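Asker: Mind folding the following:
(2 chains)
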Amino acid sequence: MIAIWYAVVSFTLIIYIVLDGRNFGAGMLQWFVAKTAEERRQVIAAIGPLWTWHEVWLLGFGGTLIAIFPRLMASAFAGYYLALFLILWCLILRGISIEVGGHINDRLWQGYWNFNFVLSNFLLAILFGAAAGNVARGVPIDAQGNFSMAFFTDFNVRGHVGLLDWYTVSIAILATVMLAAHGATYLTLKTEGPVHDRCQKYAKYLWTACVPLLLVILVESRIVRPDLPGRAMSNPFLWLGLAVIVVSIITLVSGLTSHRELRAFIGSDFLIAGLLATGAAAIFPIMLYSTLAPENSFTAYAVAVSPGTLRIATIWWPVGFALAVFYFVFISRRYAGKVSVQRDTQGFY
Amino acid sequence: MNSIFSDPGFWHRLQFGFTITYHYLFPQLTMGLAWFIVYWKWRALRTGDEKYNQAVRFWAKIFGLNFAVGVVTGIPMEFQFGTNWAGFSKYAGGVIGQTLAMEGMFAFFLESAFVGALIWGEKRLSPRAHFAAAIAVAVGSWISGYFILVTNSFMQHPVGYQIEPNGSLGIASMTAYLLNPWAFVQFAHNQFAAVVTGSFVVAAIGAFYALRGVHPVQAKLYLRAGTLVGLIASLLVAFPTGDQQAKIVGNHQPITLAAMEGKFEGGSMAGVALIGQPNVAAQRLDNPIEVPGALSFLAYGHFGSFVHGLNDFPKDQWPDNLELLYYSFHIMITLGTLFIGLMGFATFQNWRGRLESSRLLLWVLMLAFPYPYIATTLGWMTAELGRQPWLIYGLFHTRDGYSKVVSNGDAIFTLIGFTGLYFVIGLLFLGLTGREIGKGPNEPAVAAIIPEREGVLV
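Answerer: Below you'll find the model as predicted:
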């Protein structure tokens, strides 16, 4: 039961990263793939009407996390205090720059908000990457089950670690490059004209850059968490995740080389989902590893709510999720197709 | 060094109070406005009159701005349960987590999926589908409100819970938790208050256009709808919902009621103070003007009913900011009464056909729109200050709730950050809303460069 809920919570986070990751990527690339003011609006229009829908999945994740693993949520969020607020502020800045930029048709105004848009998306990709690195590496949980972290200490991965060290920084770099590649793949699908052509090139370069980065991370993870591989091998979800990764790499590569944009984008979605799922399966049942003493780690079993409360959540959660899938179909049909560079009237985006 | 400023609880409360108060300025308008948009869209469908579509288009833009700021300021709220209130989340997360998650799954997904269709969908959707999107957004925002009020009602009047072996709380009965009688009363009171805010804003913009002599058809539409709905909603906020709210506080939190009224000594024939300043040191109300027996009657149904005074309770159970609680409650009541008077008079003048010609009344209507925001904020301050010193009434103290690992330096840092960020957002919001109001409702249909439909998924 708790294993299933661990999978569900991971799943909601994966959906969020896959959905909003395309916005982070597209946002980061706005400067590089869009040269004129119109092209920059085109990039925003490609994500514009959907960003709130993508962002509320973060709330879906946060809410499910409090409902199922309240003790983890409380300790982790308090421990990541400053980092989490940076993420929240960047999310605010990103949302505001999307919404207000289009309201006034003025070069300076739009240029200013485009700058904020690119900056906040870059920071978000880096911060989420570093956060993933922190979950993989572990945090300094003490015997009382609390931790509080500085941004950085000695950049080492053991003992009193900080948010940033050589391992989490390298994961942040991977996340930034990979989400940029994801965004480029998305923009290739959603745009036409010069932006489309540039994104097509960027997608290829960025995905190629991911390969060595991934290999480095793999070796680093072996050093940082030597305890992981043994336990993880027996987890069927790990193998499922690996299978998803293999299939989606084939889909992505064939989509990129044959210019089948939808196929490439689906491959990109599932590749990121597969990587995150494999990571989530690899660390289970430990949700947050203690770098001070392994016995202080939070296991899913120790931080979950009681079986009775879990049963209640098991009744309503699938209903909510089924509704979300229904909305997803509606949205996908409604916003399907490409965004052109011309705007028909003075729309918001 | 033992002042209030070295108490981390003060900073965590201040930050949560500030961010939630600011956040709620936006949903209270969208929750009220959503039904105006539904109504006008329905009228447009029924009559085919273009003026209703114009109204929908204009108000959807205002709605969109409020919605966006509501979303970006709302996301930190959920996370602060963990970052700033880890003690509370550890203790009660098993209960309140359910409704926080349900709000996301059942309300936010619905709202955010359809809000784009409402704001930019007129050209691309059929009128019926556009109407359905308006309903989906309105319903979504009210469901969201209900789940949050269930969560808050649990803090006011905990029901349906059990204490788990590890000492934290879990759900004993989901039905009891979701159907908390406190939540019903509070939801009705709060939602009608949101409609009051919506109708004052609608009426204010109608009055603004009428005074300037622009958009006469639209101005008339807004004034009529705003004043009539404003009157009905203001009445419903006072009676039965406000009355019931006072009774439920009187029954379950008698200390809070005594504090709200600044009543130190208990007694029968307890009065309601129209004016007076609580003097906690001297334990009396200075310069009081009271209506005798009114409090006994309002809270318990008889003029002779006994009402407890603060001195009937130990001092450590008194709300810790008596003065602010007292003023919040009294100013809210005063404003609520004035709302009924203003909207009642405006509706009467409208019925006589004299609303658009009485410029003084239009001026008052135009300038009155901030007051419902103030009244709802004070209402929430009454509820939350009145709950002190408890975080969950009778179960869990506020001082046990905040995150012990977060230093004052971190808490003040984020409070400063929010203050700066929200100040900028406020300026942007006011500027852009002002622009939209200035442009007025006669713009052609908005069609953003959202993609054409080609039937491909994704």
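
Asker: Assign residue A:64 to helix, strand or coil.
Answerer: Three-state call for residue A:64 (DSSP: H, G, I helix; E, B strand; the rest coil): helix.

Asker: Contacts only, for the residue lying closest to it once chain neighbours are set aside.
Answerer: Excluding its sequence neighbours, the residue lying closest to residue A:64 (CB to CB, 6 or more residues apart in numbering or on different chains) is residue B:101, at 4.9 Å. Bear in mind the C-beta positions are built from the backbone N, C-alpha and C, glycine included. Applying CB atoms under 8 Å, 6 or more residues apart in numbering or on different chains, we find residue B:101 in contact with A:60, A:63-64, A:66-67, A:313, A:317.

Asker: switch to 6 Å and redo it
Answerer: If you count contacts by CB atoms under 6 Å, 6 or more residues apart in numbering or on different chains, residue B:101 has them with A:63-64, A:67.

Asker: what's the answer for residue B:102, then?
Answerer: residue B:147.

Asker: can I assume it sits in a strand?
Answerer: No. Counting by three-state DSSP, residue B:102 falls outside a strand, being helix.

Asker: name the helices or strands packed onto whichever strand or helix holds residue B:383?
Answerer: Per DSSP states H and E, residue B:383 falls inside helix B:370-387. The contact analysis (3 or more CB pairs under 6 Å, 6 or more residues apart in numbering or on different chains; DSSP states H and E) places helix B:370-387 against helix B:181-212, helix B:322-351.

Asker: Of these, flag the one that's most buried.
Answerer: helix B:181-212 (a mean of 24; mean count of other CB atoms under 10 Å in any protein chain shown).

Asker: what packs against that helix?
Answerer: Right, helix B:181-212 is packed against helix B:27-47, helix B:127-156, helix B:216-236, helix B:243-252, helix B:359-367, helix B:370-387 by 3+ CB pairs under 6 Å, 6+ apart.

Asker: how close does residue B:419 get to residue B:409?
Answerer: 16 Å (CB to CB, to the nearest Å).

Asker: who has more neighbours, those two?
Answerer: residue B:419 (14 against 10; other CB atoms under 10 Å in any protein chain shown).

Asker: any idea which element the more buried one lies in?
Answerer: helix B:408-439.

Asker: for that helix, which positions count as buried?
Answerer: B:410-411, B:414-415, B:417-418, B:421-422, B:425, B:428-429, B:432-433, B:436-437 (16 or more other CB atoms under 10 Å in any protein chain shown).

Asker: Show me which of these is closest to residue B:350.
Answerer: Using CB to CB, residue B:437 is the member of the buried residues of helix B:408-439 that lies nearest residue B:350, at 21.7 Å.

Asker: Excluding chain neighbours, give the residue nearest to the closest one in space.
Answerer: In space, residue B:437 is closest to residue B:205, 6.0 Å off (CB to CB, 6+ apart).

Asker: any idea how far that neighbour lies from residue B:225?
Answerer: Residue B:205 is 11 Å from residue B:225, where distance means CB to CB.

Asker: that older thread, mind putting the contacts of residue B:101 into TSV with distance to residue B:290 and neighbour count?
Answerer: Formatted as TSV, the contacts of residue B:101 follow (distance: CB to CB, whole Å; neighbours: other CB atoms under 10 Å in any protein chain shown):
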residue	distance to residue B:290	neighbour count
A:63	46	27
A:64	51	27
A:67	47	31
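
Asker: need the contact list for the nearest residue to residue B:204 once chain neighbours are set aside.
Answerer: Distances taken as CB to CB, 6+ apart place residue B:369 nearest to residue B:204, at 3.8 Å, with adjacent residues excluded. By CB under 6 Å, 6+ apart, the contact set of residue B:369 is B:200-201, B:204.
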